[in-house]
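predicted model follows, preceded by the sequence.
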Amino acid sequence: MASVLDSVDQRTKLVGENRLELLLFKLGGRQSFAINVFKIQEVLKLPNLTQLPQRHRCVCGVSYIRDHTVPVINLAQAIGFPPLYPNKDSTIIVTEYNRTVQAFLVESVDRIVNMTWEQILPPPKGAGKAHFVTAITRYNKEIVEIIDVERILADIKPYNTDIKDKGLVEEVKTHAEGMEVLLVDDSPVALAQARSTLEGVGLKVVTANNGLNGYTMLKEWADKGIDVKKKLLMVVTDAEMPAMDGYRLTTEIRNDPRLKDLFVVLHTSLSGSFNKAMVQKVGCDEFLSKFQPDELAALVKQRVNLLASTKESKK
């Protein structure tokens, strides 16, 4: 299985096509779960596990993998299922999210499936497990639940949304009053963090929970005769979303003459090396890792200052 999770070049073939690959796995029952292959480094048998004092209840311990100490998270326990018990035959999925590497203990890994984002749907409203499921799909006539890893990691170690440079906050607020940002993300945790940062520097934030809804909103504004480039300071979009991903959203924006000049930021938990290649392929203006409030605020400052200097030069 590990050999299937190949290079950046192999995975870039799906980008801009509104397609994705999912790794299906089990957590001790018949229900199938999934994670996007883009975020997976490898699948292996659990190496030696070292337990740590005062660790989070869902962290089994740490393993030494490829010259790095990697925390191993009991995924079943993290989503409220009976915990799995690690042993020498246990399987782990090694992932990278937001510049951190962690492994998830699972019962077994099934297969990799290729799908379109149109086949990926938001979880039903009111679903009891919606707090850890970011989307659902069907495979072989069975429901597959796609794990909201960002929510799980936030439960284990809450993200800090504070901007350290308070002077930057006040400087941006001076120029940003009345400016708007369209924020597109299907993860409630990521949406709340980014919204807090953007509103913290004085911006008005309009949100959409997937790329299709975001694109529909942009088109409706344009259809009403609104100059969307003047209305929005930028579009900040996640990469992975049901119905339409952030790469396809960017492609659609660039293909619409009324929207093509919008400043688009890919704001994602995927690895930096992979996304830098994707930014160039689909035409995003910038790439930022999620849960880095200082970097997001600094980019807003850069955009606000650029607009301010442009207006000044036209006087």
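Looks like it arrived, so ask away.

residue 72 versus the closest residue to residue 78 other than its chain neighbours, what's the distance?
Closest residue to residue 78 apart from its sequence neighbours, by C-beta to C-beta, 6 or more residues apart in numbering: residue 58 at 4.3 Å. No exception for glycine: its C-beta is placed from N, CA and C like everyone else's. Noted for residue 58: a distance of 10 Å to residue 72, by C-beta to C-beta, to the nearest Å.

repeat that for residue 105.
In this view, residue 105 and residue 72 are 6 Å apart by C-beta to C-beta.

residue 122 too?
30 Å.

and these two? Which one has more around it.
Ranked by neighbour count (other C-beta atoms under 10 Å), residue 122 and residue 72 place residue 72 first, with 25 against 17.

got a pLDDT number for residue 8?
pLDDT, residue 8: 44.

check residue 275 too.
Reported pLDDT for residue 275: 59.

how many neighbours does residue 284 have?
By the criterion of other C-beta under 10 Å, residue 284 has 26 neighbours.

shouldn't it be within a helix?
No. Assigned with DSSP: H, G, I helix; E, B strand; the rest coil, residue 284 falls outside any helix and is coil.

next, the contact list for residue 286, please.
Neighbour list for residue 286: 263-266, 279, 299 [criterion: C-beta atoms under 8 Å, 6 or more residues apart in numbering].

who does it bridge with?
residue 265 (DSSP bridges).

and it, how far from residue 303?
9 Å.

anything in contact with each of those two?
Contacts common to residue 286 and residue 303, judged by C-beta under 8 Å, 6+ apart, are residue 263.

surely residue 150 touches residue 191?
No. Contact between residue 150 and residue 191 fails when scored by C-beta atoms under 8 Å: they sit 10.0 Å apart.

circling back to that earlier point, list the contacts of the residue nearest to residue 78.
With C-beta under 8 Å, 6+ apart, residue 58 has these contacts: 73-74, 77-78, 152, 155-156.

filter the residues you listed down to just the ones in helices.
77-78, 152, 155-156 (DSSP state H).

now render the residues you listed as CSV, adding pLDDT and distance to residue 41.
Listed next are the ones in helices among the contacts of residue 58 as CSV, based on pLDDT from 0 to 100; distance: C-beta to C-beta, whole Å:
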residue, pLDDT, distance to residue 41
77, 95, 22
78, 94, 19
152, 92, 17
155, 90, 22
156, 91, 19
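
any of these buried? List them.
77-78, 152, 156 (16 or more other C-beta atoms under 10 Å).

would you tell me which one of those residues comes nearest to residue 270?
residue 152 (16.4 Å; C-beta to C-beta).

out of residue 150 and residue 191, which sits in the busier spot?
Using other C-beta under 10 Å, the more surrounded residue of residue 150 and residue 191 is residue 150, with 22 against 18.
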